[in-house]
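Asker: Fold the following for me, if possible:
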Amino acid sequence: MKLVILFSLLAVGPLAWAADPAQHTEVFGLAPAASLPARMKVVDWNVEKAKEKNFAAEYRRITAGAHLVALKEATTRINLFGLAQMASSARPLQFFFAGPLRYPEGFSGTATGGVVAPARAAALFSRDLEPGIGTGKVVAFYPVAGRTLLVANTHGMNAAGKGPLAGDPFERQITDVKARLASHRGPLLWVGDFNTANKRKLKILLTATSELGLTEVEFPEKDERLLKRGLIGRQALDRAFVRGLDVRSASCIKTDGSDHNAVVLELRVP
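Answerer: Below is the predicted model:
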């Protein structure tokens, strides 16, 4: 099967440094594997720009043995090449990074890593502005068991500023991602910190995923309680959706390496 990754990144708001005109993308690390395994471990985590002092140790713990790692608020301030090799010496990863925000210490954005290099990967930058916050989506395709798996990794818009277009910026962002995923006919995984802090945003997301034939991953009650939630309404922000994949397990790992706990999935391609 081949794997595809999609990031959607926000344009820069006034509180951040200017965005790179090329909407900065980079590839870090080497991935010697020829294909993803039919059964795989996936880590989905907003790493809070790796600001916490225990981040490196927690990253090693949480991503040990992972085949796919989807990061939000990744930053080139940390050594992404080192991260690519850190998960497991037996399973080095290649990361595709897309960073719409530039700070004094480097770019911040979304990164997806795999034990196999994607057949192709692309960044999708949103058409709206969000002051001081970089969010994103990236698309990448990976080989697995003779098929193509599409992986979408999204950081949803939180509090969008004024953009050039009328309407709802969050709905536009989700609609743009959905349009990029709609033509894919194989297995699909869409993960992210969607910032679904209220019922309106959650309804927009659930409508889009339903139209794509995706099912939301359910967590055991003890793990559900650990998911990062919005301050108002207490809706979960970190979510995962699948199509054409068996969910063998879903957990949320408590950590002091970020202000978000990490989502860990065990998936199987039937």
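Asker: What are the buried residues along the helix or strand harbouring residue 263?
Answerer: Counting by DSSP states H and E, the element that carries residue 263 is strand 262-268. For strand 262-268, a neighbour-count test (16 or more other C-beta atoms under 10 Å) marks 262-265, 267 as buried. Every C-beta, even on glycine, is put in place using the N, C-alpha and C of the backbone.
Asker: Which other helices and strands does it contact?
Answerer: Strand 262-268 makes packing contacts with strand 39-46, strand 188-193, strand 238-243, strand 246-253 when contacts are defined by 3 or more C-beta pairs under 8 Å, 6 or more residues apart in numbering; DSSP states H and E.
Asker: Tell me which of these approaches residue 151 most closely.
Answerer: strand 188-193 (4.9 Å; C-beta to C-beta).
Asker: middle-most residue in this protein, spatially?
Answerer: In the chain, the C-alpha closest to the average C-alpha coordinate belongs to residue 153, at a distance of 3.0 Å (C-alpha atoms, centre = their mean).
Asker: How about that residue: what's its closest non-neighbour residue?
Answerer: Residue nearest to residue 153 in three dimensions, not counting chain neighbours: residue 70, with 4.1 Å by C-beta to C-beta, 6 or more residues apart in numbering.
Asker: what bridges to the one you found?
Answerer: Per DSSP bridges, residues listed as beta-bridge partners of residue 70: residue 44, residue 112.
Asker: and if you look at residue 154?
Answerer: Taking DSSP bridges, one obtains residue 8, residue 192 as the residues bridged to residue 154.
Asker: Mind pulling up the pLDDT for it?
Answerer: Turning to residue 154, the model gives it a pLDDT of 91.
Asker: Over to residue 107: give its phi and psi.
Answerer: phi -90, psi 150 (degrees, to the nearest 10).
Asker: ugh, wrong one, I meant residue 68
Answerer: phi -130, psi 140.
Asker: Surely it touches residue 118?
Answerer: No: with contact defined as C-beta atoms under 8 Å, residue 68 does not count as touching residue 118 (10.4 Å).
Asker: what about the helices in the stretch 51-200 of the chain?
Answerer: Along the stretch 51-200 of the chain, the stretches classed as helices by DSSP state H, counting those that start in this stretch are 55-63, 80-86, 169-181, 199-211.
Asker: Now do stretch 34-52: distance from first to last residue.
Answerer: Using C-alpha to C-alpha, to the nearest Å, the end-to-end distance of stretch 34-52 comes to 34 Å.
Asker: Do me a favour and average the pLDDT over that stretch.
Answerer: Computed over stretch 34-52, the average pLDDT equals 93.
Asker: List the buried residues in it.
Answerer: Those buried within stretch 34-52 under the rule 16+ other C-beta under 10 Å are 35-36, 40-47, 49-50, 52.
Asker: Could you single out the nearest of the residues you listed to residue 171?
Answerer: Relative to residue 171, the closest of the buried residues of stretch 34-52 is residue 46; by C-beta to C-beta it sits at 21.3 Å.
Asker: where's the closest one relative to residue 196, distance?
Answerer: Using C-beta to C-beta, to the nearest Å, we find residue 46 at a distance of 13 Å from residue 196.
Asker: Ok, residue 242 next?
Answerer: 17 Å.
Asker: neighbour-wise, which of those two wins?
Answerer: When neighbours are counted by other C-beta atoms under 10 Å, residue 196 comes out ahead of the other of residue 242 and residue 196, with 25 against 22.
Asker: ok, residue 182 - how many residues close by?
Answerer: Other residues close to residue 182 by other C-beta under 10 Å number 11.
Asker: That one contacts residue 212, correct?
Answerer: Yes: with contact defined as C-beta under 8 Å, residue 182 and residue 212 form a contacting pair (6.6 Å).
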